[in-house]
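*Asks:* Below is the structure, and that's it, no one-letter string:
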Ligand SMILES: Nc1ncnc2c1ncn2[C@@H]1O[C@H](COP(=O)(O)OP(=O)(O)OP(=O)(O)O)[C@@H](O)[C@H]1O
């Protein structure tokens, strides 16, 4: 996908927000966009997503795209389950596949109890899960995420991290804006800052140190013995059905995916740095 000399202004006499933007997004790329408040990050993401047309220049070879906007419009006469199935059809899926993927992401993001509530009654965090689910359901060639992690609980943030990395591993492109500079640190292929009306390459945040360990807390692992898990985590049962797993940062994405794929479908409650290799609290 290629942006060539792309410019945007919102009115013929308004100042240019972006001008002469050249950007190549190769397959299997994860790209971070940063910049100051009101600088044009969301404008750029809308151009990438194809929901806004450039005033100048061209966008070539955009793959099938899904977009999580900064503000999700929930004032629709649907409940979350119907909305997701409908969006699945809009993304080109058959009815059965749309329903299957809607159920899958409803489960993974812990939306279950709210799936039958009207969208306009959902809390901000739950609406955000619906916005994320509709984008992930599409399994798009380009995923555009505008502060998509904001408002999500730690477990859902981890699910989104893993889903983004999965998309990129499958050959897709993902472009994101997030206020947390550590978001997907060490996994970003290119980073750019919107400065003035232009786009400037900037350094990517380094990966956590090789010895860093990550603590994952899950509910509902079930009584059955665990299979072999990536990174051979240290497993500590905690109170009321909660289990803590500590693993090297290097294996944490693979471990999260393996946990979420277990037949008992445990719910990830938290993912955070463990301060020392033995930490289990
Ligand atoms: N629909 C619109 N109509 C008119 N002007 C707009 C519109 N959307 C954005 N702008 C203007 O374009 C400029 C860039 O806004 P944009 O939302 O892209 O920046 P941003 O970097 O995403 O900001 P923030 O960090 O606050 O989310 C701002 O001056 C904003 O007022």
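*Replies:* Looks like it came in fine. Just so you know, these numbers come straight off a predicted model, no measurement behind them. Residues are numbered from 1 along each chain as shown.
*Asks:* Just the mean pLDDT for stretch 154-167, thanks.
*Replies:* Across stretch 154-167, the average pLDDT comes to 91.
*Asks:* which residues touch the helix or strand bottoming out on mean pLDDT in the chain?
*Replies:* Counting by mean pLDDT, DSSP states H and E, the weakest-scoring helix or strand in the chain turns out to be strand 267-274, with a mean of 77. With contact meaning C-beta atoms under 8 Å, 6 or more residues apart in numbering, strand 267-274 is reached by 110, 153-155, 157-159, 208, 212-220, 242, 246, 252, 256, 259-260, 280. Using the backbone N, CA and C atoms, a C-beta is placed for each residue, glycine as well.
*Asks:* what does stretch 161-169 give?
*Replies:* With contact meaning C-beta under 8 Å, 6+ apart, stretch 161-169 is reached by 28-30, 136, 139-140, 143, 145, 174, 176, 183-184, 187, 253, 256-257, 260.
*Asks:* Show me how to select, in ChimeraX, the buried members of the residues you listed.
*Replies:* Buried members of the contacts of stretch 161-169 can be picked out in ChimeraX with the line below, counting by 16 or more other C-beta atoms under 10 Å:
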select :29,30,136,139,140,143,145,174,176,183,184,187,253,256,257,260
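*Asks:* How about the contacts made by the residue positioned nearest the centre of the chain?
*Replies:* Centroid-nearest residue in the chain, with C-alpha atoms, centre = their mean: residue 160, separated by 4.0 Å. Residue 160 makes contact with 132, 136, 145, 148, 149, 152, according to C-beta under 8 Å, 6+ apart.
*Asks:* Quick check: it is in a helix.
*Replies:* Yes. According to DSSP: H, G, I helix; E, B strand; the rest coil, residue 160 belongs to a helix.
*Asks:* The chain should start at 59 in everything you say after this.
*Replies:* Done: numbering now begins at 59, and the last item shifts to residue 218.
*Asks:* And it, how far from residue 225?
*Replies:* The gap separating residue 218 from residue 225 is 11 Å, by C-beta to C-beta, to the nearest Å.
*Asks:* now swap in residue 297 and tell me
*Replies:* Distance check for residue 297 against residue 225: by C-beta to C-beta, it reads 36 Å.
*Asks:* More neighbours: the two, which one.
*Replies:* Taking neighbours as other C-beta atoms under 10 Å, residue 297 and residue 225 compare with residue 225 leading, 23 against 5.
*Asks:* Figure out how far whatever helix or strand the more buried one lives in is from the centre of its chain.
*Replies:* Using DSSP states H and E, residue 225 falls within helix 212-227. Counting by C-alpha atoms, centre = their mean, to the nearest Å, helix 212-227 is centred 6 Å from the centre of its parent chain.
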